[in-house]
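In: please find the sequence and the predicted model below.
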2 protein chains.
Amino acid sequence: MVTKNQIKLVVSLQQKKYRSQHGLFVVEGKKSVKELLDAGLAPFKIFVEESQEYFEAQNSETVTKRDLKQMSGQTTPSGVLGVFHIPDVKTSADADWVVVLDSVRDPGNLGTIIRLCDWFGIKQLVCSSDTVDCYNPKVLQATMGSIARVHISYLDLEGYLEKTKLPIFGAYMDGEEVYGTQFPEKGILIMGNEANGISEHVAQFVTQRISIPQFGQQTTESLNVATATAILLNEIRRKS
Amino acid sequence: MVTKNQIKLVVSLQQKKYRSQHGLFVVEGKKSVKELLDAGLAPFKIFVEESQEYFEAQNSETVTKRDLKQMSGQTTPSGVLGVFHIPDVKTSADADWVVVLDSVRDPGNLGTIIRLCDWFGIKQLVCSSDTVDCYNPKVLQATMGSIARVHISYLDLEGYLEKTKLPIFGAYMDGEEVYGTQFPEKGILIMGNEANGISEHVAQFVTQRISIPQFGQQTTESLNVATATAILLNEIRRKS
């Protein structure tokens, strides 16, 4: 039996403020919940709609369709809703390349970038404090469980970049054409905000400005930050 | 003065059925409308909210905020709404590479792929008839005016692929690693459906199966179709 307070708690986790306060976040859908469990994330509670087939999980609880609908952030709830503890942020000592995001605001973009990091074996993602929260439901929808395999930290980028000894590559519209770029074994790749690119106070730390060559007419918009990240990570990995 | 019938017409264009019937589509936002005008698309009517600064365009009409809100498909209308004639589909005789989409369903993915074609100078995009409509408002939101510069046709893929003499590359999870692939000057790249990849009746025409190497753990989901297209188009262009 789900209590009113439990429903209230789950609903509150749609907001970052309450996610931070409780150290919890919500993932919906059997597939995503299973992936997080497989990846070793600690479940606080897994709510399973009574009509769903048997779902074996620690802390799981059967609920009515009506209760699940009240807890869900989706118009059509998918039958399984997992509440997980936000994991402690570990910095990955064996990370070779680190992706740094400077004020990426779109949840879909962040979700796609996390999934790309996972694909390309990037273990460490560092976000400026004003980058969208990685436990935002829309981000989680786009990550497909990759969130469990990439270490994500939010911090003051200036402090972080000041201390690193790694070479720092920044993505620009007018940088050196990436096809000729030699990438070292370890390094940092900075991707900037959707509208304004890399901010000035971060730009001062960039040691090499790179860009993706354009083949169409010059009137074209810049590439979306997630697709640009895809191309640049592919360039880094193909050369290593 | 906008008539009720005009409002009704514009609202109906949110649906593919009425877009086909009237040969019209809607784009919202001053920037996107300007891009389509610059690209030479023919405006049927441009509705401009009275509070907006002067907007010079053929067939433009000032409307009240209330009328614009009624016509708009957005929660917060952006002040300019353009209704354009759907252009005749031309096949681009000088296209070197053609991208073929086999049942891509997500509007955001199609929008991103159109923008990528524009960036990489791909002039011809061929879609299976069950691919999402390129004049869907959510697709247009993601294309940012690239829709005016890429020729898009919807047709029976089997008939199309049967006739071509170009080499046909297909994106697969288990194809040849793309880093070693030699790309000719002209060719076709087929990208498949989000969940099921390239369908069987299309697969028979593929002359070379290619894939993007994975560097993370093997548990990872496949790449999203739009990011995979980004990486493969970049691979094709970097070698030409």
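Out: Yes, it's here.
In: which strands and helices sit next to the helix or strand hosting residue A:32?
Out: Element membership for residue A:32 (DSSP states H and E) is helix A:30-38. Here helix A:30-38 touches strand A:43-49, strand A:80-85, going by 3 or more CB pairs under 8 Å, 6 or more residues apart in numbering or on different chains; DSSP states H and E. Every residue, glycine included, has its C-beta placed from N, CA and C.
In: buried residues, the last one. List them.
Out: If I follow you right, that is strand A:80-85. A:80-84 (16 or more other CB atoms under 10 Å in any protein chain shown).
In: stretch A:64-72 now?
Out: A:67-68, A:70-72.
In: which of the residues you listed fall in helices?
Out: Applying DSSP state H to these, the entries found in helices are A:67-68, A:70-71.
In: tell me, which of those make contact with chain B?
Out: Filtering these for proximity to chain B by CB under 8 Å from any CB of the partner chain leaves nothing.
In: rebuild those residues as TSV, extending it with pLDDT.
Out: Putting those into TSV (pLDDT from 0 to 100) gives the following:
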residue	pLDDT
A:67	93
A:68	93
A:70	94
A:71	94
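In: pick out whichever of the residues you listed sits closest to residue B:133.
Out: The nearest member of these to residue B:133, counting by CB to CB, is residue A:68 at 33.3 Å.
In: for chain B, see how far away that closest one is.
Out: 24 Å (CB to the nearest CB, to the nearest Å).
In: got the contact list for that residue?
Out: A:47, A:49, A:77, A:79, A:81 (CB atoms under 8 Å, 6 or more residues apart in numbering or on different chains).
In: report pLDDT for the first one.
Out: The predicted local confidence for residue A:47 comes out at a pLDDT of 94.
In: close to chain B: what parts of chain A are there?
Out: Counting by CB under 8 Å from any CB, the residues of chain A near chain B are A:35, A:38-39, A:108, A:112, A:115-122, A:144-146, A:149, A:179, A:212-217, A:219-221, A:223-224, A:226-228, A:230-231, A:234-235, A:237-238.
In: buried among these? Need that as a selection in PyMOL.
Out: Burial among the residues of chain A next to chain B is assessed by 16+ other CB under 10 Å; the matching PyMOL selection reads:
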select buried, chain A and resi 35+108+112+115+116+117+118+119+120+121+122+144+145+146+149+212+214+215+216+220+223+224+226+227+228+230+231+234+235+237+238
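In: strand partners of the lengthiest strand in chain A, parallel vs antiparallel please.
Out: The longest strand of chain A (DSSP state E) is strand A:168-177. Looking at strand A:168-177 with DSSP bridges, its partner strands are strand A:187-191 (parallel), strand A:208-211 (parallel).
In: same question for the shortest one, mean pLDDT?
Out: Mean per-residue pLDDT for strand A:208-211: 98.
In: next SSE after it?
Out: helix A:225-238.
In: for that next one, packing partners?
Out: Looks like helix A:225-238 contacts strand A:97-101, helix A:107-119, strand A:168-177, strand A:187-191, helix B:107-119, helix B:225-238 (3+ CB pairs under 8 Å, 6+ apart).
In: and the angle from the last one to helix A:225-238?
Out: With axes from the mean of the first three to the mean of the last three CA atoms, to 10 degrees defining the directions, helix B:225-238 sits at 50 degrees from helix A:225-238.
In: for helix B:225-238, the distance to its chain's centre please.
Out: 16 Å (CA atoms, centre = their mean, to the nearest Å).
In: that one - what's its average pLDDT?
Out: Rounded mean pLDDT across helix B:225-238 is 97.
In: that one to strand B:97-101, inter-axis angle?
Out: Using the same axes, to 10 degrees, helix B:225-238 lies at 170 degrees relative to strand B:97-101.
In: could you chop chain A up by domain?
Out: Following automatic domain parsing, one finds the domains of chain A at A:4-85, A:97-238.
In: quick one: terminal-to-terminal distance for the last one?
Out: By that I understand domain A:97-238. This stretch, domain A:97-238, spans 13 Å end to end (CA to CA, to the nearest Å).
In: now do the shortest one
Out: From the first residue to the last, domain A:4-85 extends over 20 Å; the measure is CA to CA.
In: residues contacting the spatially most central residue of chain A?
Out: Centroid-nearest residue in chain A, with CA atoms, centre = their mean: residue A:114, separated by 4.1 Å. If you count contacts by CB under 8 Å, 6+ apart, residue A:114 has them with A:125, A:134, A:139, A:142-143, A:146-147, A:150, A:152.
In: so how far is residue B:225 from it?
Out: 17 Å (CB to CB, to the nearest Å).
In: where does pLDDT dip in chain A?
Out: Across chain A, the ranges flagged by pLDDT under 70 are A:91-94, A:219-220.
In: got a list of contacts for stretch A:35-49?
Out: By CB under 8 Å, 6+ apart, stretch A:35-49 touches A:2, A:6, A:10, A:24, A:27, A:33, A:55, A:57-65, A:67-68, A:71, A:77, A:79-85, A:87, A:144-145, A:147-149, B:219.
In: ends of that stretch, how far apart?
Out: 18 Å.
In: picking up where we left off before, among the ones in helices among the buried residues of stretch A:64-72, which one lies nearest to residue B:184?
Out: Distances from residue B:184 to these, taken by CB to CB, are shortest for residue A:68, at 53.4 Å.
In: how about residue A:227: what's its closest non-neighbour residue?
Out: residue B:230 (4.1 Å; CB to CB, 6 or more residues apart in numbering or on different chains).
In: what's the distance between that neighbour and residue B:116?
Out: 5 Å.
In: which residues do these two both contact?
Out: A:223, A:227.
In: hang on, the earlier thing: tell me the buried residues in the helix holding residue A:32?
Out: Applying 16+ other CB under 10 Å to helix A:30-38 flags A:30, A:32-37 as buried.
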